[in-house]
Every structure is written in C-alpha cells, then in structure tokens.
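# Sequence plus the predicted model coming up.
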Amino acid sequence: MSASSTKNDFDENIASIDFIPSDPNATFYFLPNGIGKDRRTIFTNAIQQFHLQLLTSPKNARFIIVDEQFDAPKVYSVLKLDASENDEKPKPIIIQTKWLSDSLKEKHLVPLTKDYIIRAPLIRKKAMPSFSQEPVIEEKTRFQNKPKRRLSDDQPQGGSATQVKQRRYSSDDDDDDYDIMEDYNDTVKNPYKHGELPKGNWMCSMSSQTAKKNTEVNKDIIEKLQAMADLYSKTNDKWRAYSYQKAITTIRRCTKRIDSYEEIIKLPGIGESLAKKIWEIIDTGSFEKLEDFQSSEYMTVINLFGNIWGCGPNIAKQWYDQGFRTLDDLRTKAKLSHNQQIGLKYYDEFLERMPRDEVAEIEAVVKEHALALVPDLTIQTCGSYRRGKATCGDVDILITHSDGISHQGLLIPLVDSLRKSGMLLKFI
DNA sequence: CAGTAG
DNA sequence: GGGCCTTACTG
DNA sequence: GCCC
C-alpha cells in the first residue's frame, strides 16, 4: 500500500526517524486538505492523545502530516514552502496520516518507519526516470512556473465541498504499460487542455439508444410499476419502493416483450408478489392496486405534499392528519421549514424539466464564474445532460483540477459569485 | 436525533 | 426475521 | 417487496 515503488530516489539517509515527543524539535503540522471532516477530527484527537506538539503554521514544523493522496511537490505547493536544495533549514519530514491510523490501532505511537514518510522532492538524478516518477517531477515544475490563485487552502472545508469530486493520479493502477503511457501523455503533456474530459468508452458517454428502445417494448409495465414505486416512496414504505425500483431496472433491461408469467418469475429481484402484479398488467392491461391508490384521497394528498421539496413521508402524513388537503391549506395554515417554503412556492417549477439548451446556458455561466476564480479547472456537466437527454430535471456539474487540489474549497466562493451575479434566486 | 435529500 | 446504499445537511 |  505504501509508496515504495520509487525507492531509488528515496532519501536513503532516512531509514527511520527517532524523536521524542517532548523534544521541541519534534513539531508537527497537520495538513487538513483532502481529508474529510470526520477523519480530520479523529486525527486531531490522536495528535492530542499522543501529546504531539502541533503547530498552527507549517513554517517551523519538523514533521508534516498529510493525506496519502499527496506527494511531496503537492505538499510544498499547497503550503507555499520553498523546496530549494540550499536551504539552511532542514526540510520538513512529510508523513502519511497512516502513521496516525496505525498508532491509533496500536493504542500507542508506532515507530516512524520510512514506509510512512513521503519522499522529499529530489533533483532529478537520471536522464530517464521511471514512468511512475516522471509525472511527479513535471508536476512540481508546473507548480513553480505557474503559480495559481488558490482559494483558502488552509481553511477547513465545509462538508458541502465534497460535491466537488476530483480526479487524481493513481500510483496503484493495474493497467499495462500502454495504458500508463496513455495516461501519462494525457495528464502530463496536456495538463492544461482543460474543459474537455477524455472521451472514454463509458456507458454514460453514450447516447442511450438501446435503453430507449428497450423501454418501448415493456413501456406499459414500467410506467405502472414506476407509478406504484413513486407512491410507495412517498409513504414510509421505502423498502417496498426499493423493490419496485429494482424490478423496474431489471425489466428496463429486457429487450424482449415480456409475455409469460414463467419468464417474469425467473428475473432476479422479482418474486411472486411482483410477478403476479406484472402478469396482471400484461394480461388485463390494468393494475388494480395502483388504481386503488390513485383513487384514494390519502394517497393523492400524500403524493401532492410529497412532491414539495423538503417534505417527506412523515411530514406529509403529519399535515394530512392535521386536516390539510391542498397546497393552499399548507400555504395558509401549515408550519413550513425554509426549504419547504421554497419547495411550495416553486412547486410546479421543481416538477418541470428544462430543455437541454437551458442546461447549456447554465453551464456556460457557471463555467465563466468558476474559471474566473481558478483558471485551468476541468468543468464537465454530467447527469442527464451528459447522457444526451432532450430534457433535464437538474444540472449536475463536476468541477475538478488536474492537480487534484486547486479545486478544493471552490464551492462556497463559486456559489457566492453566482449569487452576486443574480443568477441564483434561492438556495436550499 | 429524526427527517430529508443526494 | 432482518438487511437492502451512503453521506450530509437541517432544525 | 426480495432474498438469505
């Protein structure tokens, strides 16, 4: 697991580090970047528990603890430290958080062996280093030559920042040499050709023609089951809804028109109860249970209320039990949370889908604002838009950076920027 | 923590 | 009979 | 609801 594949370039002087926690030289800095809230708390507590001397600044820290995803150049870049060789100060020793994890397991500090230490950035020794090493050096050069504006890297990230996912180098790929070379060319030679993601042979990048065709053959079945699943999902019967949804997925994958009970019951995730219902739809063309639900006042109202953003099965039932039956009842009488107020105000809008042109417009605006904050971001709109749908229920935008770091903490400033532009009406 | 949403 | 998908925010 |  540890990064021992490049041991040739490892500073061999460091076999294992001895230090005494009370030694004033044994100062630590904990780099929270790329570490989730919960893990941060755990590690911070561990540092206290082991009585390590934690500094608030990395400047004078002898040891720097970082997430496993970091290599030395990234650490230096994030901390804006000088990596030059002829520095009077000894360079800090960069340690993986695994050292803390293992120490927690052992209930005491485990020896700080070289497996926990991330190698210092060394000057290139040979003309042709190994592939796995090469991108690291190139990357360091990029950092030095192209300083970028970065947003509050040293601020703890809010939980919502996890919406921004990242693409990162993977040193443990099982790919063969050819693929490694491809990845190398991609990320190193053209690292700043942003805005476009590699067009892989992925399911999600293909237009769903086959799926479209498949839904046609059993369309009536799927529609009725989906209606039931939607209703159940708005009651407290979420597992029943879950089963319906799984059955729908299975049937959607059937190319052939289903026309016998025997073939239904064979399908995975479809048992006797659902098979009977599906056969009823095929045989009679109707679904009595669904029609019962649709004619029930309770289910109708629960469905109506449940379509309000921020109202789930429990709140819907509470409102029903309080005697509310219409959206106007809610508007005038019910106690609504902030989200529910917005959900009610924009009830129809939230149920509507927008043409994909509109998604493109939104994408353009978001791109403009994001790139103004951090250049060279990779921005890709995903979801139904990326799958080529004619209409979309929402806009999913994935923002990353090829260095795996610079996009961190972007979300909040980006939302702020969009809000100032007047693009955001409300947030929920 | 329960409820909701992703 | 009990799990089925995970994680985060809100109030 | 399905499945173990």
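Great, that's in hand. Residues are numbered from 1 along each chain as shown, chains lettered A, B, ... in the order given.
# Check what contacts the host helix or strand of A:E368 and list those residues.
Using DSSP states H and E, A:E368 sits within helix A:356-373. Helix A:356-373 is contacted from outside by A:149, A:151, A:195, A:377, A:379, A:381, A:385, A:389-392, A:395, A:397, A:399, A:410, A:413-414, A:417-418, A:421, A:423, using Cβ atoms under 8 Å, 6 or more residues apart in numbering. Every C-beta, even on glycine, is put in place using the N, C-alpha and C of the backbone.
# Show me which of the residues you listed are buried.
Neighbour-count burial (16 or more other Cβ atoms under 10 Å) is assigned, among those, to A:151, A:377, A:379, A:381, A:385, A:389, A:392, A:395, A:397, A:399, A:410, A:414, A:417-418.
# any chance of these in CSV, plus secondary structure?
Formatted as CSV, the buried ones among the contacts of helix A:356-373 follow (DSSP: H, G, I helix; E, B strand; the rest coil):
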residue, secondary structure
A:L151, coil
A:L377, strand
A:I379, strand
A:T381, strand
A:Y385, helix
A:K389, coil
A:C392, strand
A:V395, coil
A:I397, strand
A:I399, strand
A:L410, coil
A:L414, helix
A:S417, helix
A:L418, helix
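# Tell me the residue of chain A that sits nearest DNA strand B?
Scanning chain A for the residue nearest DNA strand B gives A:G312, at 2.3 Å (criterion: Cβ to the nearest atom of the strand).
# tell me the pLDDT at that residue?
Per-residue confidence (pLDDT) for A:G312: 97.
# next one: the one 4 residues further on
Taken from the predicted model, the pLDDT recorded for A:A316 is 98.
# Give me the pLDDT for the residue nearest to A:I428 when sequence neighbours are not counted.
The shortest distance from A:I428 to any non-neighbouring residue, by Cβ to Cβ, 6 or more residues apart in numbering, is to A:N339 (4.9 Å). Confidence at A:N339, expressed as pLDDT, is 96.
# do the same with the one 5 residues further on
Turning to A:L344, the model gives it a pLDDT of 97.
# In contact with it, which residues?
Counted by Cβ under 8 Å, 6+ apart, A:L344 has contacts A:308, A:327, A:330-331, A:336.
# Repeat that for A:L231.
Per Cβ under 8 Å, 6+ apart, neighbours of A:L231: A:290, A:293-294, A:299, A:302-303.
# Farthest-apart pair in the residues you listed, please.
With Cβ to Cβ as the measure, no two of the contacts of A:L231 lie farther apart than A:L290 and A:I302, at 14.6 Å.
# List only those of the contacts of A:L231 flagged as buried.
Among those, those buried by neighbour count (16+ other Cβ under 10 Å) are A:290, A:293, A:299, A:302-303.
# Redo these as JSON lines? Include distance to A:I428, pLDDT and secondary structure.
Converted to JSON lines, these look like this (distance: Cβ to Cβ, whole Å; pLDDT from 0 to 100; DSSP: H, G, I helix; E, B strand; the rest coil):
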{"residue": "A:L290", "distance to A:I428": "31", "pLDDT": "98", "secondary structure": "helix"}
{"residue": "A:F293", "distance to A:I428": "29", "pLDDT": "97", "secondary structure": "helix"}
{"residue": "A:M299", "distance to A:I428": "26", "pLDDT": "97", "secondary structure": "helix"}
{"residue": "A:I302", "distance to A:I428": "22", "pLDDT": "98", "secondary structure": "helix"}
{"residue": "A:N303", "distance to A:I428": "21", "pLDDT": "98", "secondary structure": "helix"}
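# ok, so of the residues you listed, who is nearest A:K266?
Nearest to A:K266 among the buried ones among the contacts of A:L231, with distances taken as Cβ to Cβ, is A:L290, at 23.7 Å.
# which residues does the closest residue to A:W279 other than its chain neighbours contact?
Once flanking residues are discounted, A:W279 sits nearest to A:Y261: 4.7 Å by Cβ to Cβ, 6+ apart. Contact analysis of A:Y261 by Cβ under 8 Å, 6+ apart lists A:275-276, A:279.
# ok, then the element right after whatever helix or strand A:V301 lives in?
Assigned by DSSP H and E, A:V301 belongs to helix A:297-306. Sequence-wise, the next helix or strand downstream of helix A:297-306 (DSSP H and E) is helix A:313-321.
# hmm, back to that, the helix holding A:V301 near DNA strand D anywhere?
No. No part of helix A:297-306 sits close enough to DNA strand D to count as contact by Cβ under 7 Å from any atom of the strand; the gap is at least 12.9 Å.
# What lies in contact with that helix?
Taking Cβ under 8 Å, 6+ apart as the rule, helix A:297-306 contacts A:230-231, A:233-235, A:293-294, A:311-313, A:315-317, A:319-320, A:324-327, A:330.
# which ones are touching the residue of chain A found nearest DNA strand D?
Closest to DNA strand D within chain A is A:G271: 2.6 Å, counting by Cβ to the nearest atom of the strand. A:G271 is in contact with A:I265, counting by Cβ under 8 Å, 6+ apart.
# Thanks a lot, see you next time.
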